[in-house]
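Novice: pasting a predicted model and its sequence here:
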Amino acid sequence: MSENEAEAITRIPLTSLTTKNNKKEENSTEDMTESMRIAFEDMAKFFSYTPQTKIIITLGEKGAVALYDEKIQHFENSIRVPEEKVVDPTGAGDAFAAGFVYGFLQKQKEKDTTDHSRDEEDKCIRSAMKYGCVMGAYCVMEISASSVPKGIEKRVEIKQHLGL
């Protein structure tokens, strides 16, 4: 769900993410303000239906946050889309969701089937958020979500961003 949807459902306001000491620390909660961390903790409590529940909140250019197993995992988007390159945000959430599912399934396929550790689950979710963020970023640079990805050169760029 988007940060706006999360705010509307929980009635918990989110403030902007800021980096600690102006230093980017990818995949950590170190780059969240204290009030943002508290807001996400409150949301995690609100959504904690079962131990298996995983909530993913997209934050646009700020990446995404996963709430699960009493954890808050922030993934800062590795692609910065300059404002002048943003053409149409239509479908960015859907592109994120598709990338997330694909990334999660790819990582699940790679992992050791005998290792069911929390660390492996964390890796799957981080990978999924990375794929989701990349696909969402590419979506906003095109008119209409149906054109993502357009052309072989975009696919090559996407693979580079994903480290493939």
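Specialist: Arrived safely, thanks for sending. It should be emphasised that the depicted structure is a prediction, and the values quoted were computed from it without experimental measurement.

Novice: any idea how far residue 117 is from the residue nearest to the spatial centre of the chain?
Specialist: The centroid of the chain falls nearest to residue 64 when counting by C-alpha atoms, centre = their mean (3.1 Å). According to C-beta to C-beta, to the nearest Å, residue 64 and residue 117 sit 22 Å apart. For the C-beta atoms, the positions are set from N, CA and C on the backbone; glycine is no exception.

Novice: residue 136 touches residue 99, doesn't it?
Specialist: Yes - Residue 136 is within contact range of residue 99, at 6.9 Å (criterion: C-beta atoms under 8 Å).

Novice: so which of these two has more stuff around it?
Specialist: Neighbour count, other C-beta atoms under 10 Å: between residue 136 and residue 99, residue 136 has more, with 30 against 25.

Novice: what kind of secondary structure is the more buried one in?
Specialist: Assigned with DSSP: H, G, I helix; E, B strand; the rest coil, residue 136 falls in the helix class.

Novice: mind listing what it touches?
Specialist: Counting by C-beta atoms under 8 Å, 6 or more residues apart in numbering, residue 136 touches 58, 77, 92-93, 95-96, 99.

Novice: adding secondary structure, distance to residue 33 and pLDDT, write those residues out as TSV.
Specialist: Formatted as TSV, the contacts of residue 136 follow (DSSP: H, G, I helix; E, B strand; the rest coil; distance: C-beta to C-beta, whole Å; pLDDT from 0 to 100):
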residue	secondary structure	distance to residue 33	pLDDT
58	strand	18	90
77	coil	17	81
92	helix	24	89
93	helix	24	89
95	helix	27	90
96	helix	23	92
99	helix	27	91
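
Novice: and the pLDDT at residue 32?
Specialist: Listed pLDDT for residue 32 reads 64.
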